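Trainee: Give me a 3D structure for the following:
(one chain, ligands or ions: 1)
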Amino acid sequence: MAVYGGIDAGGTSFRCVAGTGPDAILAEVAFPTTTPGETLARAAAFFSDGPGAGATRIGIGCFGPVALSRADPAYGHILETPKPGWAGADVAGTLARATGKPVALDTDVNAAARGERRWGAGQGLDDVCYITVGTGIGAGIVTGGRTIQGVLHPEAGHIRVPRHPHDLDYPGCCPFHGDCVEGLASAAALFDRWKLPPDSLPDDHPAWDIEAHYLAHLAATLVLITATARVILGGGVMARAGLVEAVNIKTVSLLAGYGSSALRPQAPLVVAPGLRLRAGVLGALALAIETA
Ligand code: ZN
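Mentor: Residues are numbered from 1 along each chain as shown. As a prediction, this is how the structure comes out:
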C-alpha cells in the first residue's frame, strides 16, 4: 500500500507525518517555524532521506495568505504576511524540488475540513465547514466533496456580524477591519479585550457568551451561504468546556428554522473536531491521498 505525506505548515510550528491514515502513522516530526529556508529544509529532509522518505506524494496544509491557483505565477508562495521573512516564500515549489515528490497545496483550514470529512466529524458528508479559533479565525469549506479556493481562498473569519449587546464598545483588533469576527473573537481579541489569556478567563465570565454569539453568527452565515451539513469548530479557544455546545444552540436559534427541512438527520449542526488537535496534519495527509 502506498504511503503518503502530510505537512501542517503553521505560522508557529510545522508538523510532518508519513502514513496512510490516523491509525497508521509511520513517522512524525514537529519543529518550530523559523526562517523559510531552515523550516522548509527540515520538512524536506524528513521526506527525502528521513523517516518520511517512503511517502510518494505530499499534501501541505499551509498558513496564509497563500496563492493556490496553479494559473497564478505566485502559485505555492506565501503572499503578504506580517510574519517576518515569509512574504514571497515559495513553500510548494521549494518542497517539490527538494524532495523530488509531487506536492498538493491547500490552506491549513481547508486541509482540516478535508481531514474531518475523511476521518473525523464530517464522515459521510460532502459538505462540511471547519472553523479554527486561535490567534486568528479561519474557515475551510468543503462543498460537493471539494474545497473552495476561489481566486485566493475563503477568509470567512473576516466577515462582519452584529455586535453582542454587551459588547458595543470594544473596537476589535483586526488590523484590516477592526471588528470583524477575527477582530472580536480570536484569542488575540480575547486577550486584548479582557487583558487575560483566554485560558485564564473563568467559565462564568461574560466573555464566553459574547464569544459564542460571534462564532454562532459566523457559523450561521456559513450555513446560509454554503448550505453546509456540518460546522466543525476547532482551535485552541474551542478547548473551553461547553463552548461548542453554546455555539450550536445559538446557531440553530439564529437560523430560526430556516432550512431545517434539509438539516440533516445527523444533528447537532455545530460540533467539535473528531480528529481533535490533529485535524490539520491529518487533513494534509488526506490531501495527499485524495489528490490524483
Ligand atoms: Zn478582519
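
Trainee: Buried residues, stretch 241-257. List them.
Mentor: By 16 or more other C-beta atoms under 10 Å, the buried positions in stretch 241-257 come out as 243-244, 246-248, 250-252, 254-255. (C-beta placed from N, C-alpha, C; glycine too.)

Trainee: how deep is Tyr214 tucked in, by neighbour count?
Mentor: 28 (other C-beta atoms under 10 Å).

Trainee: was I right about it contacting His164?
Mentor: Yes: counting by C-beta atoms under 8 Å, Tyr214 does reach His164; the two are 6.9 Å apart.

Trainee: For the stretch 101-250 of the chain, just list every one of the helices.
Mentor: For the stretch 101-250 of the chain, the helices defined by DSSP state H, counting those that start in this stretch occupy 108-119, 181-185, 187-194, 207-226, 243-255.

Trainee: pull the CA atoms of the last one into PDB?
Mentor: The reference is to helix 243-255. The C-alpha coordinates for helix 243-255 follow below in PDB (Å, rounded to 0.1, in the frame of the first residue of the first chain):
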ATOM      1  CA  LEU A 243     -18.300  26.500  24.200                       C
ATOM      2  CA  VAL A 244     -19.000  24.300  21.100                       C
ATOM      3  CA  GLU A 245     -22.400  23.400  22.600                       C
ATOM      4  CA  ALA A 246     -23.200  27.000  23.300                       C
ATOM      5  CA  VAL A 247     -22.400  28.000  19.700                       C
ATOM      6  CA  ASN A 248     -24.500  25.200  18.400                       C
ATOM      7  CA  ILE A 249     -27.600  26.300  20.400                       C
ATOM      8  CA  LYS A 250     -27.100  29.900  19.300                       C
ATOM      9  CA  THR A 251     -26.500  28.900  15.600                       C
ATOM     10  CA  VAL A 252     -29.700  26.900  15.500                       C
ATOM     11  CA  SER A 253     -31.600  29.700  17.200                       C
ATOM     12  CA  LEU A 254     -30.200  32.300  14.700                       C
ATOM     13  CA  LEU A 255     -31.300  30.100  11.700                       C
END
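
Trainee: Name the residues that touch that helix?
Mentor: 208-209, 211-213, 215-217, 219-220, 223-224, 231, 233, 237-238, 268-272 (C-beta atoms under 8 Å, 6 or more residues apart in numbering).

Trainee: What of the third one?
Mentor: Contacts with helix 187-194, where a contact means C-beta under 8 Å, 6+ apart, come from 133-136, 170, 172-173, 182-183, 196-198, 201, 205, 207, 211, 236-237.

Trainee: So for it, what gets flagged as buried?
Mentor: 187-191, 193-194.

Trainee: hmm, it touching the ion?
Mentor: No: on the criterion C-beta under 5 Å from the ion, helix 187-194 is out of touch with the ion, staying 10.2 Å away.

Trainee: what mean pLDDT would you report for stretch 130-147?
Mentor: For stretch 130-147, mean pLDDT is 96.

Trainee: So is that stretch next to the ion?
Mentor: No: figure legend: stretch 130-147 not in contact with the ion (C-beta under 5 Å from the ion); closest approach 8.7 Å.

Trainee: related to what we said a few turns ago, in TSV, list the helices of the stretch 101-250 of the chain along with mean pLDDT.
Mentor: Shown next, in TSV, are those (pLDDT from 0 to 100):
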stretch	mean pLDDT
helix 108-119	98
helix 181-185	98
helix 187-194	98
helix 207-226	97
helix 243-255	96
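
Trainee: Format the ones you listed as TSV; extra columns: distance to Leu152.
Mentor: Shown next, in TSV, are those (distance: least, C-beta to C-beta, whole Å):
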stretch	distance to Leu152
helix 108-119	12
helix 181-185	16
helix 187-194	22
helix 207-226	17
helix 243-255	26
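
Trainee: Quick one: residues contacting Leu215.
Mentor: 131, 133, 181, 185, 233, 243, 247.
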